[in-house]
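Asker: Sequence below, structure please.
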Amino acid sequence: MIKKIILLADDDRDDAEMFCEALADIDENIICHCAENGSEALKMIEKQNEIPEVVFLDLNMPIMNGWECLKQLKSDERYKNIPVIMISTSSYKNDMDTAANLGAVCYFIKPTNFKDLKEVLRSITLNLENGLKESLSNLETNKYLYVFL
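Answerer: Predicted structure coming up:
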């Protein structure tokens, strides 16, 4: 089986644990790497032999927030094509617009329960090997996920 690498940058350990647990329930071939901030996420990407299929970035993190990390990823030739999904508890339209303008493929509002988180992550990860952008374009916007393609 082909392993699917996902990188999550989120300083909330409980959210990160729930996120990785949901991914493990969805597909045992998903490997979830976690970073506590954007700077750590960038270092992890540089150290890995394989580039992640998708990067999830929380907006508000210490040291380097999600916006700063997204800008660096999109300005680096090696990483600019990695799909990035911004995640936050915020549902402000301005945050969604900023994410789209900076090159994120979608904006994911953190669900308040495990079932909804798992449902959205299942939609995102089902077709990673076939190309995330293509599978996202087929998703309908729901109350948690806003696609920018």
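Asker: Which residue ranges of the protein form helices?
Answerer: Taking DSSP state H, the helices of the chain run over residues 13-26, 38-47, 66-75, 93-102, 114-125, 132-137.
Asker: Those helices: lowest mean pLDDT?
Answerer: Across the helices of the chain, helix 132-137 has the smallest mean pLDDT, namely a mean of 62.
Asker: what about G38, distance to N29?
Answerer: From G38 across to N29, the span is 26 Å (Cβ to Cβ, to the nearest Å). Backbone N, C-alpha and C define where each C-beta goes, glycine included.
Asker: What residues are bridge-paired with the residue nearest the centre of the chain?
Answerer: Most central in the chain under Cα atoms, centre = their mean is F56, positioned 1.8 Å from the mean C-alpha point. Beta-bridge partners recorded for F56 (DSSP bridges): L8, I85.
Asker: Using CSV, lay out the helices of the chain together with mean neighbour count.
Answerer: Converted to CSV, these look like this (neighbours: other Cβ atoms under 10 Å):
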stretch, mean neighbour count
helix 13-26, 16
helix 38-47, 18
helix 66-75, 19
helix 93-102, 15
helix 114-125, 18
helix 132-137, 15
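Asker: Switch these over to TSV; also include distance to I87.
Answerer: Formatted as TSV, these follow (distance: least, Cβ to Cβ, whole Å):
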stretch	distance to I87
helix 13-26	8
helix 38-47	12
helix 66-75	8
helix 93-102	10
helix 114-125	10
helix 132-137	14
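Asker: for these, which one sits closest to I85?
Answerer: Closest to I85 of the helices of the chain, according to Cβ to Cβ: helix 114-125, at 7.1 Å.
Asker: could you check the angle helix 13-26 makes with that closest one?
Answerer: Helix 114-125 and helix 13-26 are oriented at 60 degrees to each other (axes from the mean of the first three to the mean of the last three Cα atoms, to 10 degrees).
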